[in-house]
Structures are given as structure tokens and as C-alpha cells.
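[1] My questions are about this predicted structure, shown below with the sequence.
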Amino acid sequence: MKRMRLENWKPEPHPAGLQADDKVFRFHLTGEVFRTYEEYTAKALQYRTRNWTTKYANKLKGGLSLTFAEAKIIEAKAKSKIVKFPDSHKLVALRGIHHDTGRFQDIAQKLYTFFRLNYVVGEFVQEKKSGKGAQQKAPVLQIIELLEDDTIVVRNVETNETQNLGKDKIYRRGTPITKDSLEEFLKESTTRDTYVGAPHVVKEKLAKQYELPLQLPPELQVVKDAKLNKKRKSAAGGGSEKRIKIKYPIEDLELSRSARKDEGSKPAPSTDFLLIPELVADSIQLWDFFNTFGVLLNLSPFSLFDFQTALINKDGRSVLLQHCFVASLNLMIQEGNLAAEKDDTIQKEKLSEIHNFETKLRKWLNSELKMMEEEEIDIPKELSSCANRSLSSTSPLERMSFLRFLSDKILASTLFRSTLDTNMEMISGWKKELRETKSAHHKRKREILKQSKQTESSSDESSSEESEDESESEEEDDDDEFSIPPPSEEDLNGREGRRLLLEYQKLKREHEESVRKRKAQQEKEEAKARSAEASQKRAAQKRLDAELGVFIKKEHKLSNDILTNSLIKSVPLGSDRHYHKYWLFWHSPGYIFVENVDKSWGYYCTMLEVNELRSYLNDKGVREKALLHGLRTSEAYFSPAMKKRESENRRNGSSRRQNTNKYENKRY
């Protein structure tokens, strides 16, 4: 059955001749009314059937079949997240894409870079002011004209006065547009023909509105006519147009059906976090912060699920949460003590401990809030509610707001930055030492390889000498043959003949016995020599392994020190065709986190899920090829933990992650 698109849907008109006192059946989702119950149930069944879709479903739901209500919800969520594209940028954006034959992503990236680096006429900016709180009181200005000498004519929105300012005298608060809103505007405003090399064309209504040319340039019109004529001739002759070889990878969403493999369905990531979806992203950010800077804050590594359990703890007595607050507070106390050393009017404080930190924590927060009020800085409601309350009476949202405020203060502190600089110098020294160690390791390996080749060549020479010795020994063996001739038949007659025969046989036996003993002694000596040579080789190999093992141990130690103290512990593996991002955190091996385009999060924790994800991805697309490469290069890090978890789950009879926390798994 063909899917029904939400964009093409129109409500049923009201029945003709409907009176005010007529009884009708009304469908609550659309407001449509029906005279008979049969019409109402038929329409309700159509809306409840999973046969609806919307253009936003690819990003938010993976293109699954939806009910009418689900499609409406997805459409409303997607539209609420799309930032309105400013009118001042529309003309520049449309001129940049109109009649351009390049790839859509390249054009969008070029325009986005232009808007970030340049101002446009009609854009709203502010004048740079100096002094505390001056920036917030700066008037809003609108750009009227861009002059050639980097001077900009602006108009004050409140007073309507104009003035000339340099580019260095104004600034914009953030980027006026996002890349998603730019791409969405360009997709809605342009069309493109199906032949290869077709240009992007602005829709006729917008082209007339912004006075853009409606006709193609002559060179593009010639190409279009040639393509259409070739297609007509091919259709008239009954043949098919020659297939053009496409060089992969290309834009993922532009892959034709023939280029798509039979990938099946994408495995759904797990979303069984302990917090509601709106708080998961912030909790991951805070968890990453405390694990990344755990060495500087004297915090041991901890898992995301332990951190979320601490956040939802009802009485606020979680040891992990207390340690996070104490470590952050102590660093801020040390920052204040550094300032006290320079200023005698400031009194030094003692570091806080786990049993008495809340009083000092509230005192510090109240002083910070007082400073914010004096500087006329907006104070979040969740943060102000923590000023005079204990942690046990706060909600997870308030605790996260408090921790986020502390993390921002830590990042801005002088002590933290100086410690960070020292840490960076240590890491630079370790990296240099690691490079030198690897260089010495490879150099020693090359020397060993050269020595082994020389040993092989000398062994070849010795083998040739041995072959000569063997030939000589064969000649000696020939000399070892019994040389006394046997008695003749004439001499064998009588008693004397029998005596000669017995004597001959005795001599022959003695000769054979002496030859056998000599050969046995020779073989024994050769075996002893071979055994001594093999033991020498084993001892030499053992010495070489021990020598190389020193390099390997040193490399592992340096790599571990760099990884432990590194400030980059979150690795973006890539994104799939629908722009869902995949992350790997070094302090959480065995989990691949997924950041969806709607800012919700999930995770994969088994190799079975990762293998299903690989089979779903298509390496002919640009993004998914990069994602497959990221999964392949990082597999050695996440696969051992995943395999270990799978074996534990099989022993415990569970196929998913088991919640081993002693706290109640309850959502707040």
C-alpha cells in the first residue's frame, strides 16, 4: 500500500447543508465532522493505520511507518527545532545557489562559511563597549550599507540615528543562522532537474520576488538541450542512455536505489537511562567533564550509570555526588587562597572535607550569586534555589545546574589553567619521549633483522662446507668398506679352508662393529652440537625479546600516561546518513553512544548490535564510509569490554545490561 504523506493531506470539508442543531460525529485530531458513524469509523481507522509519513520522518524516526498522530507530533517537533532563517540573508543565499551546478553540501558549506565571516545588509549587530555590564546595555544596530573601505553604515533601532563604524567596532551575538536552517531554507527554495550536471534553480515565485533571472545562462541551456535531445533519441530508438559511471563515495542521501545495498533495518540503540530524556545530554556532558579532568580534581573514574544514580539519589547522600562537589569546591577554595596571597584583605580558607562541605558550599554559592546580582547577570532559577537548601532537598535538575555552574567556574579559574598548562607540558614531554622510544625500537628491530640476515648467509656458507664435509665423509665411508677379499673356492676345501672362512668372517664382523661405533660416536657429537646451537639460539632470542620488551613496556606506559592525562577523551566516530552522531568515550570502554539529530541519546553495548550497525551502513556514502572507518580503527578498544559483557550476560541469563545499582531505578 502506498504511504500517505502528511504534506499532501487535506481535511475533509464539512457536509453540505449542515444545520446548527444537527448531531454529527467529530474526529478530535483534525476537527473533521461526519453525519454517519460508518464514515467516522472509516476515517478514524485510516488515521490510526501505520501508513503515514512526513518529510521529517527520515531524520527523527528513520523513515518508519507512522500513524497520523505520530506524524503530526514529529512534524511539530522538527519545525520547533528549525531556527527561522533571517530575511536579511535570503537574497545572498539564493544568489549563491541559483544556477550553481555543484554538490548541494559544498554549496551550503560555502555559504555558511561566508555568513560566519562576513556581515550582510539588514543584519542586526551591536557596538562593542568596554566596562562591566556595558555589552548588555549596548544598543541594537541594523546594517544599512557595506562600504568598500571596511566601513559599515548602521542604524540605531531605538533612536533611528545612522553612523559609520568599522568592522572591528561591531559584533554579532552568536551566529545569526545555523547550518541546518540554511540547508532547510535552500532545500525548500530550490529545485533541480534529473539529468547529470543539472544546476540548482530557485523556485519561480522566489526568483520573481528577489528579481533573479528565470532563464538559464546560454552555456547551461546548451547542456540541458543536449541532454534532453539525447534522451529523446534514446527513447525513440528503443535503446537506453549510456550509464554514467559514478565515483563513490557520494552524499549519502543522494544514493540511488541501485547503489543501496540490502542493508536491512538499523538496530535501535538502548535508551534505558536513569534520567528523563531532557536531562540525559547534560548528564553526559558533566560526566565527561569530571572524568576528563579527574586527575586534576583528584577524582577516580566512574561510569555514566553510577553518575546518574547519584543524581537521582533521593536523600542526596551519594558518596560519588559528594566527592564531585567536594573536589570542585576545594579547587575554588584554592583559587581564592591564591588571590589571598596577593591581597592581604582576603582571608584564607581551609579545604573542605566530605563530612562538612555543604555549609562551605552554600556560603561560596551565595557569595557568587551576590557578585552576579551586582554585575546584573541573569541567575538561573535552579541555581538560586540551591543557595539555602541542602543537597538532600534538591532535584536532579537543580543538582546538575549546580554542578554545571561549578564546572564553568573551574574552567575559568587561574589555578585550573596553570595546572592545565603544566599538564600539557607533561603530555608534550611524554609524547616526545614516546616518539624517541618508538624510533629506538624500530632502529633496534632493523639491526636485529640485519644480523639475522647475516647469520642466515653465514649458515648457508656453513651448510655448503657441511655438504663438502659430507662428500668427504662419504669418501671416507667408501674407505670404510671391508677391503680383505674372501677366500677362493679352492681354499675352502678341507679343514684349513673352513678355518680360513671362519677367520675371514670374524675379521669382517670386527670391521663392521668398529665402523658402527665410529658412526654412532659421530652422530652423538653432531646431535650434541645441534643441541648446543639450538640452546644458543633460544638464549639469544630470549635476550632479544627481553631487550625489545623493555621498549614495548615503556611505550605502553607512556601511551597510558598520555591517555590518562589527555584532555580529549571523547572521540567522534562519525555520523550516519541521517546525521546521527556516534561517540566513543575513553573512560567508558564497551559503550558506543549515539547522539540523534533531535538531541536525544542512546547507546550500543554488545558486539551483536555493532555488527548489525555495520551491516546497515553503506560505504558508498561519504558519512557512513567515514563512520565505518572509525568503527574499524577503534574496535580494538571497545570490543574486549563488549565481549566480556556478553559472556557475563550469557552466564547470568541476561541479554542486556543489568542494573546492579543498590538505588531504585526510578525516573525523575
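    Arrived safely, thanks for sending.
[2] Look through the protein and report the residue furthest from the middle.
    Gly494 (106.0 Å; C-alpha atoms, centre = their mean).
[3] isn't Ile484 right up against Tyr504?
    Yes - using C-beta atoms under 8 Å, Ile484 makes contact with Tyr504 at a distance of 6.9 Å. No exception for glycine: its C-beta is placed from N, CA and C like everyone else's.
[4] If you count surrounding residues, which of the two has more?
    Tyr504 (16 against 10; other C-beta atoms under 10 Å).
[5] quick one on the thing from earlier: check the gap between the residue farthest from the centre of the chain and Leu186 for me.
    Gly494 sits 127 Å away from Leu186, going by C-beta to C-beta, to the nearest Å.
[6] Also Lys381?
    For Lys381 relative to Leu186 (C-beta to C-beta), the value is 38 Å.
[7] With neighbour numbers in mind, choose between those two.
    Remark: of Lys381 and Leu186, Leu186 carries more neighbours, 20 against 10, as counted by other C-beta under 10 Å.
[8] Skipping its backbone neighbours, what lies nearest that one in space?
    The shortest distance from Leu186 to any non-neighbouring residue, by C-beta to C-beta, 6 or more residues apart in numbering, is to Ile97 (5.7 Å).
[9] I figured the one you found was touching Lys187, is that so?
    No - if you go by C-beta under 8 Å, Ile97 and Lys187 don't touch, sitting 10.2 Å apart.
[10] For these two, indicate the residue with more neighbours.
    Higher neighbour count among Ile97 and Lys187: Ile97, with 21 against 12, using other C-beta under 10 Å.
[11] Next up, identify which helix or strand Arg362 is on.
    Using DSSP states H and E, Arg362 maps to helix 357-374.
[12] now that helix: mean pLDDT?
    Average pLDDT, helix 357-374: 82.
[13] now it, how far from the chain's geometric center?
    Centre-to-centre, helix 357-374 and its host chain are 38 Å apart (C-alpha atoms, centre = their mean, to the nearest Å).
[14] which strands and helices sit next to the very next helix or strand once past that helix?
    Per DSSP H and E, the first helix or strand lying C-terminal to helix 357-374 is helix 381-384. Applying 3 or more C-beta pairs under 8 Å, 6 or more residues apart in numbering; DSSP states H and E, one finds that helix 381-384 contacts helix 357-374, helix 396-412.
[15] what about the strands in the stretch 451-600 of the chain?
    570-575, 581-585, 592-595 (DSSP state E, counting those that start in this stretch).
[16] Can you tell me which of these is packed in deepest?
    The highest mean neighbour count among the strands of the stretch 451-600 of the chain, using mean count of other C-beta atoms under 10 Å, belongs to strand 592-595: a mean of 21.
[17] Check what contacts the very next helix or strand once past that strand and list those residues.
    Next in sequence after strand 592-595, counting helices and strands by DSSP H and E, comes strand 601-604. Contact with strand 601-604 is made by 267-271, 273, 277, 280-281, 284, 591-596, 610, 613, as judged by C-beta atoms under 8 Å, 6 or more residues apart in numbering.
[18] Show me how far strand 601-604 is from its chain's centre.
    Mean-position distance between strand 601-604 and its chain equals 12 Å (C-alpha atoms, centre = their mean).
[19] hey, C-alpha coordinates of stretch 604-612 in CSV?
    The C-alpha coordinates for stretch 604-612 follow below in CSV (Å, rounded to 0.1, in the frame of the first residue of the first chain):
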residue,chain,number,x,y,z
TYR,A,604,25.2,0.2,21.9
CYS,A,605,26.8,-2.1,24.4
THR,A,606,27.2,-5.5,22.5
MET,A,607,29.2,-6.6,19.5
LEU,A,608,26.0,-8.1,18.1
GLU,A,609,24.5,-4.6,17.9
VAL,A,610,27.7,-3.2,16.4
ASN,A,611,27.8,-5.9,13.7
GLU,A,612,24.2,-5.2,12.8
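[20] Tell me the buried residues in that stretch?
    604-607, 609-610, 612 (16 or more other C-beta atoms under 10 Å).
[21] So which of the residues you listed are in helices?
    607, 609-610, 612 (DSSP state H).
[22] now the residues you listed in CSV, with distance to Val92 and pLDDT?
    Listed next are these as CSV, based on distance: C-beta to C-beta, whole Å; pLDDT from 0 to 100:
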residue, distance to Val92, pLDDT
Met607, 49, 90
Glu609, 45, 90
Val610, 44, 91
Glu612, 44, 90
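[23] Looking at these, which one is closest to Lys432?
    Set against Lys432, the nearest of these by C-beta to C-beta is Val610 (35.4 Å).
[24] Pull out the buried positions in the helix holding Arg362.
    357-358, 360-362, 364-365, 368-369.
[25] Of those residues, which is the nearest to Arg444?
    Of all the buried residues of helix 357-374, the one with the least separation from Arg444 (C-beta to C-beta) is Phe357, at 52.8 Å.
[26] if we can go back for a sec, wait, what's in contact with the residue nearest to Leu186?
    When contacts are counted by C-beta under 8 Å, 6+ apart, Ile97 touches 107, 111, 186, 190, 200, 202.
[27] Equivalent analysis for Glu373, please.
    Ile379.
[28] distance of it from Ser328?
    Where Ser328 is concerned, Glu373 sits at a distance of 22 Å (C-beta to C-beta).
[29] Ile177 too?
    Taken as C-beta to C-beta, the span from Ile177 to Ser328 is 36 Å.
[30] which one of these two has more residues nearby?
    Set side by side, Ile177 and Ser328 show more neighbours around Ser328, with 26 against 20, by other C-beta under 10 Å.
[31] For the longest helix seen in the chain, what is the distance to the chain centroid?
    Assignment by DSSP H gives helix 494-565 as the longest helix of the chain. Offset of helix 494-565 from its chain centre (C-alpha atoms, centre = their mean): 57 Å.
[32] now for it, which elements pack on it?
    With contacts taken as 3+ C-beta pairs under 8 Å, 6+ apart, helix 494-565 sits against helix 414-479.
[33] Start and end of stretch 590-604, how far apart?
    Stretch 590-604 has an end-to-end distance of 8 Å (C-alpha to C-alpha, to the nearest Å).
[34] shaky segments in the stretch 301-450 of the chain?
    For the stretch 301-450 of the chain, the stretches with pLDDT under 70 are 315-316, 337-355.
[35] Need the phi and psi values for His200.
    For His200, the backbone dihedrals (degrees, to the nearest 10) come out as phi -80, psi 130.
[36] what's the burial count for it?
    For His200, the neighbour count with other C-beta under 10 Å is 21.
[37] I figured it hits Phe104, correct?
    Yes - counting by C-beta under 8 Å, His200 touches Phe104, with 7.2 Å between them.
[38] Now for those two: what residues contact both?
    With C-beta under 8 Å, 6+ apart, His200 and Phe104 have common neighbours Leu186.
[39] Which strands or helices does the helix or strand hosting Glu278 pack on?
    Taking DSSP H and E as the criterion, Glu278 maps to helix 277-292. Counting contacts by 3+ C-beta pairs under 8 Å, 6+ apart, helix 277-292 is packed against helix 304-311, helix 396-412, strand 601-604.
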